[in-house]
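Student: have a look at this prediction, sequence included:
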Amino acid sequence: MTLCVDIRHRQGDFRIEASFTGSGRLTALFGPSGSGKSSLINLIAGLIRPDQGRIEVDGKVLVDTKAGVFLPRHKRRIGMVFQDARLFPHMNVRSNLLYGRWFTPPAERYLDMDAIVDLLGIGALLERKPALLSGGEKQRVAIGRALLSSPRLLLMDEPLASLDEARKAEILPYIERLRDQMKIPIVYVSHSVAEVARLASDVVVLAQGKVTASGPVSDILQRLDLLPAGERGEGGALIETVVLRHDDTFSMTVLGSGAGEIRVPRIDIPVDQRVRLRIRARDVMIATERPNGLSALNILPGKVAAITHGAGAESEVRIDCNGVPVMSRITEQSRQALGLEPGQQVFAVVKTVSFDETSTGMGVGEVSA
Ligand SMILES: Nc1ncnc2c1ncn2[C@@H]1O[C@H](COP(=O)(O)OP(=O)(O)OP(=O)(O)O)[C@@H](O)[C@H]1O
């Protein structure tokens, strides 16, 4: 899918000037509060008419102010999921789901109820009213309702923001399945690095209404300078791995990657499955010789590829571990003490316990354009 956005719009004192192309399965709009993420979603959905510009999804022009085109919302075939599920309280789950089909002409319906119910695991909930659902279940039904409108694009505006960590963890695998099994492109608003790392194929970074960077998720998450200050500690490398084996004695899982084997706390993913692993830059130590007598289990040989002096006392070091970039955030004092320079052979050291449940997710399949 290709989503092309090139718009300028003013609301009050706030100006949006956004231009980007998303060609992946799940494009994350990422930025701090007030950066314009929801405004951009509303512009794509047709809830706001832009002052100037053009929006196109897979060749279908939704807006082109120069040509006088503004497709009204109901003709855009866009599914929306918000932070709050917005289900109809008087209808049961089945009726809420079927409501999504209503506005789509039968000839254009390409998703059926059974497939969606199965994908989202909501078969047991069909007769219940929303008041009897957990927050995570409500969001799964809201996603189902949006999908049953057979949309050509799905917009998700912070769909997990109102859920606690346990409910988020419950719903993330369903969004991964949706991303990997449905052919519907998704634009997903978030200000959480953990969520973006797990779900996105591409990222558009927004700050004060402007696009400051866009590209594949692994490229963007390495750029710690692009991340909001409060989320910088969550940035780092995002690498594709495969489950090699589970070590039940020590409750660990061994992942294979281009950088070597990586041990993480046991994850419930079958052997041979792809896993996307986030290694936070702040969790990576650097050694100039292979360490001995060290408790950390992951020691990845590599070469210093680049060093960036960050704000204040910090330096960011990109280590090329056999073609796999691993980021490390260390103090400038440590960098100088080790005499680190580009080209130098080093070892990236990562403790197994530094990986948590937000560090791994199902690997993204081939991204079809
Ligand atoms: N109708 C409006 N009129 C004037 N200003 C508005 C209007 N709607 C939003 N804004 C302003 O536009 C800016 C961007 O808001 P927006 O909701 O798009 O940001 P956001 O990145 O989605 O934030 P959050 O993460 O907090 O939801 C904010 O400064 C907001 O106050």
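Tutor: Here it is on my side, so go on.
Student: checking the residue of the stretch 251-369 of the chain found nearest the ligand next. Helix, strand or coil?
Tutor: Closest residue of the stretch 251-369 of the chain to the ligand, C-beta to the nearest ligand atom: Thr358 (19.4 Å). All C-beta atoms are positioned from the backbone trio N, CA, C, and that covers glycine. Assigned by DSSP: H, G, I helix; E, B strand; the rest coil, the conformation of Thr358 is coil.
Student: give me the number of residues near the closest residue to it other than its chain neighbours?
Tutor: Excluding the flanking residues, the one nearest Thr358 by C-beta to C-beta, 6 or more residues apart in numbering is Ala194, at 4.0 Å. By other C-beta atoms under 10 Å, the residues close to Ala194 number 20.
Student: what residues are up against the residue of the stretch 251-369 of the chain closest to the ligand?
Tutor: Contacts for Thr358 (C-beta atoms under 8 Å, 6 or more residues apart in numbering) come out as 194, 197-198, 278.
Student: which one of the residues you listed is nearest to Asp6?
Tutor: Ala197 (27.1 Å; C-beta to C-beta).
Student: phi, psi for the closest one please.
Tutor: phi -60, psi -40 (degrees, to the nearest 10).
Student: now it: how far from Gly236?
Tutor: 9 Å (C-beta to C-beta, to the nearest Å).
Student: any common contacting residues for these two?
Tutor: Joint contacts of Ala197 and Gly236 (C-beta under 8 Å, 6+ apart) are 221, 278.
Student: pretty sure the residue nearest to Thr358 sits against Leu238.
Tutor: No. The pair Ala194 / Leu238 is not scored as a contact, 11.1 Å apart, by C-beta atoms under 8 Å.
Student: need the overlap of contacts for those two.
Tutor: Arg278.
Student: what residues does the chain put near the ligand?
Tutor: 11-12, 14, 31, 33-39, 191 (C-beta under 6 Å from any ligand atom).
Student: other residues contacting stretch 27-41?
Tutor: 3, 5, 9, 11, 14, 16, 18, 48, 80, 155, 157, 185-191, 195-196, 199-209, 217, 220, 228, 230.
Student: among these, name the buried ones.
Tutor: Using 16 or more other C-beta atoms under 10 Å as the burial test, the contacts of stretch 27-41 include 3, 5, 9, 16, 18, 48, 80, 155, 157, 185-191, 195-196, 199-207, 209, 217, 220, 228 as buried.
Student: next step: these restricted to helices.
Tutor: 195-196, 199, 217, 220 (DSSP state H).
Student: which among those gets closest to Gly22?
Tutor: Val217 (11.5 Å).
Student: and the nearest residue to the closest one once chain neighbours are set aside, what's its pLDDT?
Tutor: Excluding the flanking residues, the one nearest Val217 by C-beta to C-beta, 6+ apart is Ala200, at 4.3 Å. With respect to pLDDT, Ala200 has a value of 94.
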